[in-house]
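> My questions are about this predicted structure, shown below with the sequence.
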Amino acid sequence: MSRPLRIGNASGFYGDRFSAVREMLEGGPLDVLTGDYLAELTMLILGRSRMKDPGGGYASTFLRQMEESLGLAAERGVKIVTNAGGLNPRGLAERLRELAGRLGVDVRIAHVEGDDLLPRAGELGLADARYGDPLTANAYLGAWGIAECLRAGADVVVTGRVTDASLVVGPAAAHFGWARDDWDALAGATVAGHVLECGAQATGGNYAFFEEIYNVKPLGFPLAEVHADGSSVITKHPGTGGAVTVETVTAQLLYEIGAPAYAGPDVTARFDTVRLAEDGPDRVRITGAEGAPPPATTKVCLNHLGGHRNEMTFVLTGLGIEAKAAFARAQLEAAFGDAPPARVEWTLIGGAAPDPATQGEATSLLRCAVLDPDPEKVGRRFSGAVVELALAGYPGFTMTSPPGKGSPYGVYKPAFVPNGEVEHVAVLPDGRRVAIPAAETHGSQPPPAQGGDPTSSVQPPGRGTEVEPRSVDNPASPLAGETAEPGESGGTGKTVRVPLGRVAGARSGDKGGDANIGVWARTDAQWRWLEPFLTVERLHELMPETRDHRVRRYVLPNLRAVNFVVEGLLQEGVSASTRFDPQGKALGEWLRSRLADVPESLLGPPSQAEGPAAENTPNPEGVR
């Protein structure tokens, strides 16, 4: 059996821990180090940056990281693969060559381009009726341009907008010589790439049961030992903080996904076939991933300039919190007169404790967020109106910030174009340009879900999936792969009203204007209770803010998990959302805090798991 390819990741977003690149290079053996810097919001930020400097548009942090670590990577024979090229991969590749020359480091640098469809936006019909031409328009490319560059001897590969998992799939495909139709191997690498892409989220970051692995060390970043068949082991360097357990990996697998058929430009990976098992301390083996051909269309990330936004927060203290909030709202809305901002959203945050011993315990916050095409309406005219209430408002009036001018916001929209319209090009270290042909697709493929995953490249709207969701449209529909029959329960006897988080973990996130909430049970018995209990109707009951939105529900029995996609909850995407939690990151923790009648027999420790799925239960002795 060939030696696995060790691929580590040192960045989950633009702004992640700067020292992680050096830490990963120094912490243990690696073959490839990846860096994921891009998200929908990042593309907007880079687009605005490019407006000011046409030579920019890439993640400049990466260039500074390479200044201190490029020589170390070359010395240790570690190849670098990153999407830090953003909107200008050619520009970043040129800056890296200049840096390497100045440092005296002999490395071969290549890049991948063709994702930028902005020059063809009119031709491809990417303009929006309301917002006009996009600021950015980038197709989600796949892994084969990266693989071509590595096969040509590149030591560093810079890309623009590729799917996050492609940073892992490309090196694995090049190393093992996979063919374009090695669907299962490609699916396995896609799953590994999805686990690595968000960095420390796989090693305990944002983990529902964080108390079990809490320590003061910075969390180690994850790495995958990828095998020739696409299976992998997720681990981290010895001595680093955090932990890698079945549940930390489960949490990341559920992050920002939609249907179990996870469609990408190279393969449709079936997340409901994935199996996890502990493989030793801080080691989780991933097997069983099945793949199918990708869809015939490629997803395009569009960012439009939507207008301007601002917000102010009132501090409410002591008695009559709701009356004070109503008074502040009425006064400010009167100050707007006949020309209020186009969107005004109020959020009352927290509640005063009875007999508060500190001022903090006596305090709530009232947030007002506004959006409008006119910067004047949401600028000083708005924030000044709030300040002018200072001596005329409720008792104890104060605010959390001084008046401000506001800022522009962007609107994210997905679009879909035929695969053949995307000119995927690998620019090799010697300057040769190699066109990467579009993926071959077949009619037998499982069609992707409506909406789709932001990191997935191909999710055309209006299509179903092989796994039918229980939705508000059909709440009682059967779901393929369910493990619980109607009426079957994982617990018997007396029930206790406790937070749902006593028996379930959750992780949530943004999918453009949609949000996803992945929920998993810790034991087999808890799963047999949770799966029939946590329906769409129950979600509406526990999270009333979802009631006005279509919800799609998917079951992943191998992970003991259900995944909900709440359409439109985040409005027009992160930058345009006026929600207090615009990226939906805390939705899962809100759900876990809600009370439910849980069988008392299910409230024991995770080690009580039984049956064939017990391999998915984390070792309680692995607490760190």
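The structure has been received and is ready for your questions. Residues are numbered from 1 along each chain as shown.

> Now the phi/psi pair for Ser166, please.
phi -60, psi -30 (degrees, to the nearest 10).

> Quick one, grab the pLDDT at it.
pLDDT for Ser166: 98.

> On the three-state scheme, the residue sitting nearest the centre point of the chain is what?
In the chain, the C-alpha nearest the mean C-alpha coordinate belongs to Glu256, at 4.6 Å (Cα atoms, centre = their mean). Secondary structure state of Glu256, per DSSP: H, G, I helix; E, B strand; the rest coil, is coil.

> Could you check how far it is from Asn9?
Separation of Glu256 from Asn9 (Cβ to Cβ, to the nearest Å): 16 Å. C-betas here are computed from N, CA, C, even on glycine.

> next one: Arg547
Counting by Cβ to Cβ, the separation of Arg547 from Asn9 is 38 Å.

> Looking at the two, which one has more neighbours?
Under the criterion of other Cβ atoms under 10 Å, the comparison of Arg547 against Asn9 puts Asn9 first, with 30 against 12.

> Mind listing the residues bridging to the more buried one?
When bridges are called by DSSP bridges, Asn9 pairs up with Thr34.

> right, and it touches Asp36 too?
Yes. Shown here, Asn9 and Asp36 form a contact pair, counting by Cβ atoms under 8 Å, at 6.6 Å.

> just the helices in the chain please.
Assigned by DSSP state H, the chain shows helices spanning 20-27, 40-52, 60-76, 89-103, 144-151, 166-176, 183-196, 246-253, 321-336, 375-378, 380-387, 524-533, 536-542, 587-593.

> Need those helices in a markdown table (columns: distance to Thr203).
Listed next are those as a markdown table, based on distance: least, Cβ to Cβ, whole Å:
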| stretch | distance to Thr203 |
| --- | --- |
| helix 20-27 | 11 |
| helix 40-52 | 22 |
| helix 60-76 | 20 |
| helix 89-103 | 28 |
| helix 144-151 | 24 |
| helix 166-176 | 16 |
| helix 183-196 | 10 |
| helix 246-253 | 6 |
| helix 321-336 | 40 |
| helix 375-378 | 40 |
| helix 380-387 | 41 |
| helix 524-533 | 24 |
| helix 536-542 | 29 |
| helix 587-593 | 18 |
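
> Low-confidence stretches in the stretch 1-150 of the chain?
Within the stretch 1-150 of the chain, the stretches with pLDDT under 70 are 1.

> and the least confident helix or strand in the chain by mean pLDDT, what does it pack onto?
Using mean pLDDT, DSSP states H and E, the weakest-scoring helix or strand in the chain turns out to be helix 40-52, at a mean of 92. The contact analysis (3 or more Cβ pairs under 8 Å, 6 or more residues apart in numbering; DSSP states H and E) places helix 40-52 against strand 136-139, strand 297-317, strand 407-418.

> ok, now with 10 Å
Contacts defined by 3 or more Cβ pairs under 10 Å, 6 or more residues apart in numbering; DSSP states H and E place helix 40-52 against strand 136-139, strand 297-317, strand 407-418, strand 504-511.

> Can you give me the neighbour number for the nearest residue to Thr441 once chain neighbours are set aside?
Leaving aside its chain neighbours, Thr441 sits nearest to Ala296 (4.5 Å; criterion: Cβ to Cβ, 6 or more residues apart in numbering). Residues contacting Ala296 under the criterion other Cβ under 10 Å number 18.

> Thr235 now?
Using other Cβ under 10 Å, Thr235 has 24 neighbouring residues.

> Kindly report the same for Gly588.
Using other Cβ under 10 Å, Gly588 is surrounded by 27 other residues.

> From Leu87, how far out is Arg97?
For Arg97 relative to Leu87 (Cβ to Cβ), the value is 19 Å.

> If you count surrounding residues, which of those two has more?
With neighbours defined as other Cβ under 10 Å, Arg97 and Leu87 compare such that Leu87 has more, 24 against 15.

> mean confidence for stretch 190-204?
98.

> roughly how far out does it sit from the chain middle?
Stretch 190-204 has its C-alpha centroid displaced from the chain centroid by 10 Å (Cα atoms, centre = their mean, to the nearest Å).

> Any idea how far apart the tips of it sit?
In stretch 190-204, first residue to last residue: 21 Å (Cα to Cα, to the nearest Å).

> cool, stretch 394-403 as well?
By Cα to Cα, the extent of stretch 394-403 from end to end equals 19 Å.

> Identify the residues contacting it?
Applying Cβ atoms under 10 Å, 6 or more residues apart in numbering, the contact partners of stretch 394-403 are 310-321, 323-328, 331, 359, 362-363, 365-367, 379-391.

> pLDDT of that stretch, averaged?
Averaging pLDDT along stretch 394-403 yields 96.

> Contacts only, for Gly125.
Applying Cβ under 10 Å, 6+ apart, the residues near Gly125 are Ala415, Val417.

> actually Pro437, not the one I wrote
Listed by Cβ under 10 Å, 6+ apart, the contact set of Pro437 reads Trp144, Arg180, Asn419, Gly420, His424.

> now do Lys79
So Lys79 contacts 7, 30-34, 73, 107-108, 149-150, 153-157, 171, 174-175 (Cβ under 10 Å, 6+ apart).

> hmm, try it at 7 Å
Residues in contact with Lys79, defined by Cβ atoms under 7 Å, 6 or more residues apart in numbering, are Asp31, Val32, Leu150, Asp155, Pro171.

> And for Thr313?
Going by Cβ under 7 Å, 6+ apart, Thr313 touches Leu365, Leu366, Arg367, Met399, Thr400, Ser401.

> count of neighbours near the fourth one?
Yep, that's Met399 we're talking about. A count of neighbours around Met399, defined by other Cβ under 10 Å, yields 17.

> Would you quantify the distance from it to Arg50?
35 Å.

> Check the last one too.
The spacing between Ser401 and Arg50, counted by Cβ to Cβ, is 29 Å.

> who's more crowded, the two?
When Ser401 and Arg50 are compared for neighbours, Arg50 comes out ahead with 20 against 10, by other Cβ under 10 Å.

> Contact partners for the residue lying closest to the more buried one once chain neighbours are set aside?
In this structure, Arg50 finds its nearest non-sequential neighbour in Gly57, 3.8 Å apart by Cβ to Cβ, 6+ apart. Counting by Cβ under 7 Å, 6+ apart, Gly57 makes contact with Leu46, Ser49, Arg50, Gly86, Leu87, Asn88, Gly91.

> Now do the residue nearest to Arg550 when sequence neighbours are not counted: how many residues are near it, please.
In space, and not counting its chain neighbours, Arg550 is closest to Glu567: 4.6 Å by Cβ to Cβ, 6+ apart. Glu567: 19 surrounding residues under other Cβ under 10 Å.

> Please shift the residue numbers so they start at 36 in all later answers.
That works, and once the first residue is 36, the last one we named lands at Glu602.

> I'd say Glu602 and Asp549 touch.
Yes. Between Glu602 and Asp549 there is a contact under Cβ atoms under 7 Å: 5.0 Å.

> still on that earlier bit, now distance to Lys271 too, for the contacts of Thr348, in JSON lines please.
Listed next are these as JSON lines, based on distance: Cβ to Cβ, whole Å:
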{"residue": "Leu400", "distance to Lys271": "38"}
{"residue": "Leu401", "distance to Lys271": "43"}
{"residue": "Arg402", "distance to Lys271": "38"}
{"residue": "Met434", "distance to Lys271": "43"}
{"residue": "Thr435", "distance to Lys271": "38"}
{"residue": "Ser436", "distance to Lys271": "39"}
